[in-house]
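**Q** Show me the folded form of this:
(chains A and B)
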Amino acid sequence: MEKRLIKKDELLGIVKKVGGEFNVFAPVKLEDNVLFKPLAPGEEPLLTFANTKNAPKGVFFPRTEVMIRYVRTPKGTVLKGVELEARDAVLFGVRPCDARSFVLLDLLFDQEKYKDPYYIAKREKATVVTLACTPVPYTTCFCTSVGGGPVDSTGSDVLVTDIGDVYLVEFLTPKGERLAKYFGEAKATAEADNKKETAAKEAVGQIKSNIPAQEIKPILDVSFDHPFWDTIHKRCLACGTCTYLCPTCHCFDINDEMKYDDGRRLRNWDSCMFPLFTKETSGHNPRPTQKERWRQRVMHKFKYYVDNFNAIACVGCGRCVMYCPVNIDIRKIVEDISKLQ
Amino acid sequence: MQNPYVPYPVEVIKIVTEVDTKDIKTFRLAFVNKEDEESFKYLPGQFAELSIFGKGESPIGIASSPTNPGYIEFTVQKAGVVTTALHEMEEGTMMGVRGPLGNSWPIEYLEGKNIVVVGGGFAFTTLRALIQYMLNDSNRKRFGKITTIYGARTPGLLLYKDELEAWSKRDDMELHVTVDKGDETWKGREGFVPTVCKEVAPSAEDAVTVICGPPIMIRFTLPVFFELGFSKENIYTSLEMRMKCGIGKCGRCNVGSKYVCKDGPVFSLAELDRLTPEY
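**A** The predicted structure is shown next:
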């Protein structure tokens, strides 16, 4: 594995150069928000930031995307074209939790049977350059409780770690190695590896939230009808913020839209928090209240995904904790479940 | 990579209004491309997304049997945006079909056994496909005795009337058609499906029941079959849920960790017992 060292003031220039060859997505400050978005020409990425408000999953699974175009004819509306193009892209400044979410989403969108060509096309064309969390950005971070870590490289093609005076750059995959030419010639030393290890240990020590996320599956297996589910949802506004910000939430809706004779079929993010999500044409709703919807959200992340893919569908980024308008805290929910009788 | 979201183009070649309320029609669709028909290999019990560009998609059980090649059929009640658009269509219109989706009736498991088919109202569609499949000349000997019990609220609400007539004349199938309430022309049986099942009392020996109908019918029919000695492993039904993708990705039709669209829609009662009761 190729490793290099770069001076801290070199990184911005490197990202700019990469932007000459690739479509670069990176954290950018827009008013008071730090968002993960495509870099416009001349736009500079943020190098010191905690994490982006939106999860970078949107690069592969956009909030809204055109799947199919069609046109009205005298014999009915017929297919005009399928939109499947993807450009070579570099995702710069992804946090390790979010990089890990890509691997979890792959499990769903890139299964043996029924591959999702829209997701896969974009994913295959993308190189993920992760910026390790030294130091850990938030008190709400709990990546280590769900199998990740502040310097974890899962899902990354390149891992950039701040080891004090310089960045250690590790090229982890063939895709990542294609970018090595931009990162100078300074080979990493054993000393740099040691410094990284120390920084990683320190970062893990900085994580304040430790929750029994990996221990609650057997409890959830037998708790579908537990009265506990009456205790979460009452203050929920069903706004869907938690699901829209979540790096692993993948539920979507498919909608048709026509203007004059031209139309398109779109895929849009949907949310299990919304009453309409499961409401059938007859009026019947198998998840009639917010209680069943919350049970679905928790079960999906900590039981169903484990049943189907042997992985928890949570990366511990803490976005849902930070941005829930009524302070529903998934850490407390997991904690409470672990104590259920 | 094949794109599972792109429907096959089909032409509506025949429309039959099934019921006197005129809100249930059977649509016969023919594939525009011969190779698409070959890719669309299905078994009774599977469903497909009927795709009308500009309106949307609707998951509907396939009402025809692969033993009748050249077309596929769907019996559809007019209910929402897509099915309303479908009901307004004329023969000769182009639309799309995405599938086949989901599992099927457990054909291999049914082989060599006596089959009891129980249907109620409008939920008879994939059961009709199964009956057509089993009655096919080359398939009939693979199955034992076939007993069908089918009920609707009124004679005018029975589906596939001509076919019921033809089946009633066959000596290799026992058919019991019933209505909740007959009219002046009705000469057949009157009574609810559970009661008729009790009267007919099919033997549970080497037998499997396949049942589809409104929840209220299923609720009262199941105890009859338990009493007759059918185990939960030998009673199969088909579930419905709101669906979009049909391939286990969009996240809405799960019952526990199973997706009705890809792990179902057909489940045995024994399998359903192991799932959460959320449907």
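
**Q** for whatever residue of the stretch 101-250 of chain B ends up closest to chain A, helix, strand, or coil?
**A** Across the stretch 101-250 of chain B, the shortest distance to chain A (Cβ to the nearest Cβ) belongs to B:I247, at 4.0 Å. (C-beta placed from N, C-alpha, C; glycine too.) At B:I247, secondary structure determined by DSSP: H, G, I helix; E, B strand; the rest coil is coil.

**Q** Would you list the phi and psi of it?
**A** With angles defined as degrees, to the nearest 10, B:I247 shows backbone torsions of phi -130, psi 30.

**Q** pretty sure it contacts B:F47?
**A** No - applying Cβ atoms under 8 Å as the test, B:I247 and B:F47 come out as separate, 12.0 Å apart.

**Q** sorry, back to before: tell me the contacts of the residue of the stretch 101-250 of chain B closest to chain A?
**A** When the contact criterion is Cβ atoms under 8 Å, 6 or more residues apart in numbering or on different chains, the partners of B:I247 are A:Y114, B:P4, B:L101, B:C261, B:K262.

**Q** Next: B:P106.
**A** For B:P106, the contact set (Cβ under 8 Å, 6+ apart) comprises B:V208, B:Y236, B:V266, B:S268.

**Q** from these, which two are the most distant?
**A** When those are compared pair by pair using Cβ to Cβ, the farthest-apart members prove to be B:V208 and B:V266, with a separation of 11.9 Å.

**Q** intersection of neighbour lists for B:I247 and B:F47?
**A** Contacts common to B:I247 and B:F47, judged by Cβ under 8 Å, 6+ apart, are B:L101.

**Q** one step back: from B:K262, how far out is the residue of the stretch 101-250 of chain B closest to chain A?
**A** Plainly put, B:I247 is 6 Å away from B:K262 if you go by Cβ to Cβ, to the nearest Å.

**Q** joint contacts of those two?
**A** Here B:I247 and B:K262 have A:Y114, B:L101 as joint contacts, going by Cβ under 8 Å, 6+ apart.

**Q** on that earlier part again, which ones among the contacts of B:P106 are found in strands?
**A** When DSSP state E defines the strands, the subset of those inside them is B:V208, B:Y236, B:V266, B:S268.

**Q** The second one is in contact with B:S268, isn't it?
**A** Read that as B:Y236. Yes - B:Y236 is within contact range of B:S268, at 5.2 Å (criterion: Cβ under 8 Å).

**Q** Have a look at the two and say which one is more surrounded.
**A** Relative neighbour count places B:Y236 above the other of B:Y236 and B:S268, with 23 against 19, counting by other Cβ atoms under 10 Å in any protein chain shown.

**Q** Contacts only, for that one.
**A** Residues near B:Y236 by Cβ under 8 Å, 6+ apart: B:W105, B:P106, B:V208, B:T209, B:V210, B:I211, B:V266, B:F267, B:S268, B:L269.

**Q** for the residues you listed, which one is nearest B:E227?
**A** For B:E227, the nearest member of the contacts of B:Y236 is B:T209. The distance, counting by Cβ to Cβ, is 12.4 Å.

**Q** ok, now which ones touch the closest one?
**A** B:T209 neighbours (Cβ under 8 Å, 6+ apart): B:V116, B:V117, B:V118, B:P202, B:F225, B:F230, B:N234, B:I235, B:Y236.

**Q** For those residues, pick the one with the most neighbours.
**A** Ranked by neighbour count under the definition other Cβ under 10 Å, these are headed by B:V118 with 32 neighbours.

**Q** tell me which element the closest residue to that one other than its chain neighbours is part of?
**A** Leaving out its chain neighbours, the residue that sits closest to B:V118 by Cβ to Cβ, 6 or more residues apart in numbering or on different chains is B:I211, at 4.2 Å. Assigning secondary structure by DSSP states H and E places B:I211 in strand B:207-212.

**Q** Tell me the strands beside that strand, with direction?
**A** According to DSSP bridges, the neighbouring strands of strand B:207-212, each with its direction, are strand B:114-120 (parallel), strand B:235-238 (parallel).

**Q** Bridging across strands, which residues link to A:N33?
**A** Residues found in beta-bridge contact with A:N33 (criterion: DSSP bridges) are A:L30.

**Q** close enough to count as contact, it and A:A50?
**A** No - with contact defined as Cβ under 8 Å, A:N33 does not reach A:A50; the gap is 11.7 Å.

**Q** Give me the more crowded residue out of those two.
**A** When A:N33 is set against A:A50 and neighbours are counted by other Cβ under 10 Å, the residue ahead is A:A50, at 16 against 10.

**Q** For the stretch 101-250 of chain B, which segments count as helices?
**A** Using DSSP state H, counting those that start in this stretch, the helices of the stretch 101-250 of chain B run over residues B:107-110, B:125-135, B:161-168, B:193-200, B:215-227.

**Q** Tell me which of those helices is the most buried.
**A** helix B:125-135 (a mean of 25; mean count of other Cβ atoms under 10 Å in any protein chain shown).

**Q** Distance from that helix to the middle of the chain?
**A** Between the mean C-alpha point of helix B:125-135 and the mean C-alpha point of its chain there is a distance of 8 Å (Cα atoms, centre = their mean, to the nearest Å).

**Q** Which elements pack onto it?
**A** For helix B:125-135, the elements it packs on are strand B:56-61, strand B:72-77, strand B:114-120, strand B:146-152, helix B:161-168, strand B:207-212, judged by 3 or more Cβ pairs under 8 Å, 6 or more residues apart in numbering or on different chains; DSSP states H and E.

**Q** Just the pLDDT at B:E278, thanks.
**A** pLDDT, B:E278: 70.

**Q** Now for it, how many residues are close by?
**A** Neighbourhood size, B:E278 [other Cβ under 10 Å]: 16.

**Q** For chain A, see how far away it is.
**A** 5 Å (Cβ to the nearest Cβ, to the nearest Å).

**Q** Is it correct that the residue nearest to B:V118 is in contact with B:R219?
**A** No - shown here, B:I211 and B:R219 do not form a contact pair, counting by Cβ under 8 Å, at 11.1 Å.

**Q** Let's test this: mean pLDDT of stretch B:77-95, rounded?
**A** Within the predicted structure, the mean pLDDT of stretch B:77-95 is 96.

**Q** Identify each buried residue in it, please.
**A** Across stretch B:77-95, burial judged by 16 or more other Cβ atoms under 10 Å in any protein chain shown covers B:Q77, B:A79, B:V82, B:T83, B:A85, B:L86, B:H87, B:M89, B:T93, B:M94, B:M95.

**Q** what does the helix or strand containing A:T243 contact?
**A** With secondary structure defined by DSSP H and E, A:T243 is part of helix A:241-245. Counting by Cβ under 8 Å, 6+ apart, the neighbours of helix A:241-245 from elsewhere in the structure are A:53-55, A:63, A:249, A:251, A:269, A:271-273, A:297, A:319-320, A:323-325, A:328, A:330.

**Q** Keep only those of the residues you listed that are in strands.
**A** A:W269.

**Q** The contacts of helix A:241-245, buried ones only, as a PyMOL selection?
**A** Below is the selection syntax for PyMOL that covers the buried ones among the contacts of helix A:241-245, with 16+ other Cβ under 10 Å defining burial:
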select buried, chain A and resi 53+54+55+249+251+269+271+272+273+297+319+320+324+328+330
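
**Q** domains of the chain?
**A** I went with chain A, as the question did not name one. For chain A, the structural domains run A:2-206, A:217-338, going by automatic domain parsing.

**Q** actually chain B
**A** For chain B, whose domains are defined here by automatic domain parsing, the residue ranges read B:8-101, B:107-238, B:242-279.

**Q** closest to A:L168 out of those domains?
**A** Between A:L168 and those, the tightest spacing by Cβ to Cβ is seen for domain B:242-279, at 37.4 Å.

**Q** how long is the closest one from one end to the other?
**A** Across domain B:242-279, the straight-line distance between its terminal residues is 10 Å, by Cα to Cα, to the nearest Å.

**Q** what comes up buried for that domain?
**A** Buried residues in domain B:242-279, defined by neighbour count with 16+ other Cβ under 10 Å: B:242-269, B:271-272, B:275-276, B:278-279.
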